[in-house]
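> please work out how this folds:
(one chain, ligands or ions: 1)
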Amino acid sequence: MDNQELYDITIIGAGPTGLFGAFYAGMRRLKTKIIEALPEAGGQLGVLYPEKLIYDVPGYYEIKAKDLTRELVRQIMRFPVTLCFEEQVEALGALLRDVVAGMMPFVLEARGIGAFPNPRAPRVIWLGLQGAPEAMASLHRMHAGIEDGVAGLGFPRESRAFTAHLTLARVRDRQSGAALAKVLEANRDRAVGSFTAASVGLIKSELRPAGAVYTTLVEVPFGAGV
Ligand SMILES: Cc1cc2nc3c(=O)[nH]c(=O)nc-3n(C[C@H](O)[C@H](O)[C@H](O)COP(=O)(O)OP(=O)(O)OC[C@H]3O[C@@H](n4cnc5c(N)ncnc54)[C@H](O)[C@@H]3O)c2cc1C
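Residues are numbered from 1 along each chain as shown. Next up, the predicted model:
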């Protein structure tokens with residue numbers, strides 16, 4: 001955060017405890033800020049059970065979790081509470097800047113179509129990425145730096161090996177597996193072209209019924225900050 005403003009209280013987490021804590025701090029005229037990792041308030045009520053009825057909140061015969069969240073947020077709006085969402089994005093952006101600060105652009109070749117978890121039962125179709133030994137070393141160094149950094153921020157480590165690839169499509173229709181396996185086999189070594197990798201991005205992926213929506217949250221050019 002660039003903002004250096006001082007607060008009497010900073011609450012970590014906009015779950016019901018943090019929201020009510022901020023309300024009470026406001027009642028005591030304390031200048032309060034809430035920092036929340038997620039893009040919205042509510043904690044478990046919003047993420048795990050927004051539609052569930054809750055019966056043990058004083059003053060309510062019953063109330064849906066999402067409605068309780070709305071009321072808790074409305075309650076703190078009596079006071080000038082500052083809410084900061086998605087703070088992990090800031091931390092991840094800073095991490096990416098550190099990791100690629102000393103990197104130079106490198107060339108990768110898009111070659112070979114494959115599938116996860118395997119070509120016989122494809123769920124995700126990808127295009128492999130290859131390159132000269134120095135390029136692959138740069139890519140793997142970047143991957144290791146990011147993996148170590150995000151683990152340090154509390155994210156679980158990826159247990160599967162890193163396979164450099166571009167995702168082309170997701171397969172919904174499992175019946176098409178045999179036909180797709182033939183197409184994948186025929187294109188196993190297909191060369192598509194090469195490009196220069198010169199930046200790293202933090203992409204938000206929202207899986208919706210009509211397909212995934214991708215939003216670039218942060219993009220850092222290699223060598224930025226050198
Ligand atoms: C299925 C289910 C049903 C439940 N039903 C009821 C019920 O009927 N009645 C009842 O009283 N209780 C119920 N509970 C329990 C209730 O949801 C929890 O007690 C309550 O959510 C705890 O509130 P909290 O604010 O302490 O934590 P949480 O709701 O867990 O919120 C914590 C917030 O802090 C954020 N956070 C954590 N760490 C950081 C960080 N380092 N930086 C920034 N943000 C951070 C999280 O993203 C989250 O938004 C239920 C729980 C579940 C799972």
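> does stretch 46-58 reach the ligand?
Yes: Stretch 46-58 lies within reach of the ligand by Cβ under 6 Å from any ligand atom, at L48, Y49, K52, I54, D56. Bear in mind the C-beta positions are built from the backbone N, C-alpha and C, glycine included.
> let me know how buried the last one is, in neighbour terms.
When you say that, I think you mean D56. 7 (other Cβ atoms under 10 Å).
> same check, this time on the third one
The number of residues packed near K52 is 12, by other Cβ under 10 Å.
> and what of the first one?
Counted with other Cβ under 10 Å, the burial measure for L48 works out to 10 neighbours.
> mind listing what it touches?
Contacts for L48 (Cβ atoms under 8 Å, 6 or more residues apart in numbering) come out as none.
> also the third one?
Contact criterion Cβ under 8 Å, 6+ apart gives K64, A65 as the residues in contact with K52.
> now I54
L45, Y60, E62, I63, K64, A65, L68.
> which SS state does E40 fall under?
coil (DSSP: H, G, I helix; E, B strand; the rest coil).
> near the ligand at all, stretch 65-81?
No: in terms of Cβ under 6 Å from any ligand atom, no part of stretch 65-81 sits within range of the ligand; the closest distance is 7.4 Å.
> mind listing the residues bridging to the residue nearest the centre of the chain?
Nearest to the mean C-alpha position of the chain, by Cα atoms, centre = their mean, lies K204 at 5.1 Å. Taking DSSP bridges as the rule, K204 bridges to T215.
> can you tell me how far it is from L92?
11 Å (Cβ to Cβ, to the nearest Å).
> count the residues that sit near L217.
With other Cβ under 10 Å as criterion, L217 counts 13.
> which parts of the worst-scoring helix or strand of the chain on mean pLDDT are buried?
Averaged element by element with mean pLDDT, DSSP states H and E, the chain has its least confident helix or strand at strand 199-208 (a mean of 85). Residues of strand 199-208 classed as buried: V200, L202 (neighbour count, 16 or more other Cβ atoms under 10 Å).
> report the distance from that strand to the chain centre.
In terms of Cα atoms, centre = their mean, to the nearest Å, the centre of strand 199-208 is found 7 Å from the chain centre.
> taking the contacts of I54 one by one, which sit in helices?
L45, A65, L68 (DSSP state H).
> closest to the ligand among those?
Closest to the ligand out of these is L45 (5.7 Å), distances taken as Cβ to the nearest ligand atom.
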